[in-house]
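Quick one: sequence and predicted model below, then my questions.
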Amino acid sequence: MREAVNAKPLWRVKRTGLTLHRKNLNLSPSRFILYASTVVVVFLIICAIVPGWIAPYVPTDMQADQILLPPGGVHVLGTDYFGRDVFSLIVYGARESLFIGFASVIVGGLLGGLIGAYAGYFGGWTDRVLMRLNDIVMTVPSVLLALAIAAALGPGLWNIVLAVALAAVPNYARVMRGQILSVKNRPFITASRSIGATQLSLFMKHVLPNSLSPLLVMAAIGVGTSILTGSGLSFLGLGVLKEIPDWGALLSQGRGYLTVAWWICTFPGLAITLFVLSINVLGDELRDTLDPKKRPS
């Protein structure tokens, strides 16, 4: 009887559950931007991995009777001056553009991380020499440095990856060195050294794992910067020379038709912008996640 008296009416229980469900659906603007950015990044990565699943046409298929068609109909983003579907070109071009971004970050992060870790951990004259050379290289803007390296190596996928990676090495080295210097003199490192831990064991088990967070955040944000730099080099004719152009080459090919067919270079530019903004949002979220000051106590 007591349970029956204290029981809530059925309609109130349902209404409360509905209210809680609506509260869960109310996302803050920052969370919505994060989820939207994740969707954009995942979609473009899928385009790069399996473009045939997404693109409605073969990008090399030229249709003479469908030249410079505006967006709409069977061609969602229009066609170019060869009658090729612009959406299919963007989907297939994502492979080279994203490969340049991720591969250059991996190569540049590894080289810069090794240089910075060696200089910061061992110090002495090695640190002074490496960092002075690093400072000299950092006086040259990274875009100009990548342009000079790409011009010396010539066009090609791996050449542009190497150019973008080498231009980013000084920044990674500087960040890694600073983090190593901050970690190697902390009390737990001193305690491990006092009980007989070797230099290699200290570095591999304690110093390096506690120094990787800033480098990972920088690498995540650097993917967007690398894609921008690689697209700029492709725009100047120093990129990938293939039948299927990357996003930068699409911009370069469409600039001559900007007044009569704006969609040829506008949509590749939007793809670059969306991916760079989305990857930066994810990089900021990774930074907040790895920041110990923002972790719940």
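Alright, I've got the coordinates. What you see is a predicted model; the values in this text were computed from it and never measured.

Show me what the lengthiest helix in the chain packs onto, helices and strands only.
Longest helix in the chain, counting residues (DSSP state H): helix 86-122. With contacts defined as 3 or more Cβ pairs under 8 Å, 6 or more residues apart in numbering; DSSP states H and E, the packing partners of helix 86-122 are helix 29-49, helix 51-54, helix 124-138, helix 157-183, helix 212-235, helix 247-254, helix 263-290. No exception for glycine: its C-beta is placed from N, CA and C like everyone else's.

Flag every buried residue along it.
86-105, 107-109, 111-113, 115-121 (16 or more other Cβ atoms under 10 Å).

Run the angle between it and helix 263-290 for me.
40 degrees (axes from the mean of the first three to the mean of the last three Cα atoms, to 10 degrees).

Under the pLDDT cut-off, which ranges of the stretch 1-150 of the chain? List them.
Scanning the stretch 1-150 of the chain for pLDDT under 70 picks out 1-26.

can you give me phi and psi for residue 79?
Residue 79 has phi and psi values of phi -130, psi 160 when expressed as degrees, to the nearest 10.

give the contact list for it.
For residue 79, the contacting residues are 63, 66, 67, 68, 69, 85, 86, by Cβ atoms under 8 Å, 6 or more residues apart in numbering.

distance of it from residue 278?
As judged by Cβ to Cβ, to the nearest Å, residue 79 and residue 278 stand 27 Å apart.

ok, back up a step: okay, the helices and strands packed on helix 86-122, which one's buried deepest?
Of all those, helix 247-254 carries the top mean neighbour count, a mean of 24, counting by mean count of other Cβ atoms under 10 Å.

so that helix versus helix 86-122, what angle?
Angle, helix 247-254 to helix 86-122, by the same axes, to 10 degrees: 140 degrees.

Which residues does helix 247-254 contact?
By Cβ under 8 Å, 6+ apart, helix 247-254 touches 80, 89-90, 93-94, 97, 227, 230-237, 239-240, 245, 261, 264-266, 268-269, 271-272.

go again using 6 Å as the cut-off
Applying Cβ atoms under 6 Å, 6 or more residues apart in numbering, the contact partners of helix 247-254 are 93, 97, 231, 234, 235, 239, 264, 265, 268, 269, 271, 272.

so the first one touches residue 246, yeah?
What it means is residue 93. Yes: using Cβ atoms under 6 Å, residue 93 makes contact with residue 246 at a distance of 4.7 Å.

Would you mind measuring the gap between the ends of stretch 182-192?
16 Å (Cα to Cα, to the nearest Å).

Could you list the buried residues of it?
183, 184, 189, 192.

Next up, the contacts around the third one.
When you say that, I think you mean residue 189. Counted by Cβ under 6 Å, 6+ apart, residue 189 has contacts residue 206.

Recalculate using a threshold of 8 Å.
Residue 189 makes contact with 183, 202, 206, 207 under the criterion Cβ under 8 Å, 6+ apart.

Any chance of the residues you listed in CSV with distance to residue 161 and secondary structure as columns?
CSV is the format used below for those (distance: Cβ to Cβ, whole Å; DSSP: H, G, I helix; E, B strand; the rest coil):
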residue, distance to residue 161, secondary structure
183, 30, helix
202, 34, helix
206, 33, helix
207, 29, helix
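
And the residues you listed, which two are furthest apart?
Across these, the longest distance by Cβ to Cβ is 10.2 Å; it joins 183 and 202.

Name the residues that touch stretch 256-273?
Contacts for stretch 256-273 (Cβ under 8 Å, 6+ apart): 44, 68, 70-71, 77-78, 80-81, 86-87, 89-90, 93-94, 97, 227-228, 231, 247-248, 250-251, 253-255.
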